[in-house]
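> Sequence and predicted structure, then a few things I'm wondering about:
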Amino acid sequence: METLVKYEVILYWSNEDEAFVAEVPELLGCMAHGSTQETALANVKEAIQLWIDTAKEFGDLIPEPKGRKLMFA
């Protein structure tokens with residue numbers, strides 16, 4: 001089953017990693033990387049599904065996607 005990305009994804013270039021990084025702020029610790037933006041986004045879809053599957057396995061709360069831009073202070 002393909003993951004629908006309803007969570008906000010922040011995509012940026014990391015000089016340290018020499019790769020594009022895709023982070024999902026609503027899912028603590030959920031991130032992926034790739035040599036291109038497209039690869040990073042494809043990889044983060046898999047990471048989201050793994051995060052959700054693991055949360056279900058351990059009975060952890062799975063946050064509902066906010067469906068809007070997150071605000072950081």
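Nice, thanks for sending it over.
> any low-confidence regions in this structure?
Where the chain drops to pLDDT under 70, the residues are 1-4, 69-73.
> can you pull out the helices in it?
37-58 (DSSP state H).
> In space, what's closest to the residue nearest the centre of it - neighbours in sequence excluded?
For the chain, the residue sitting closest to the mean C-alpha position, by Cα atoms, centre = their mean, is residue 24 at 3.4 Å. Using Cβ to Cβ, 6 or more residues apart in numbering and skipping the chain neighbours, the partner closest in space to residue 24 is residue 30 (4.1 Å). Where C-beta positions appear, they are placed from N, C-alpha and C, glycine not excepted.
> OK, contacts around that neighbour?
23, 24, 44, 47, 48, 51 (Cβ atoms under 8 Å, 6 or more residues apart in numbering).
> Can you give me the distance of it to residue 59?
18 Å (Cβ to Cβ, to the nearest Å).
> again with residue 16
On the measure of Cβ to Cβ, residue 16 and residue 59 end up 35 Å apart.
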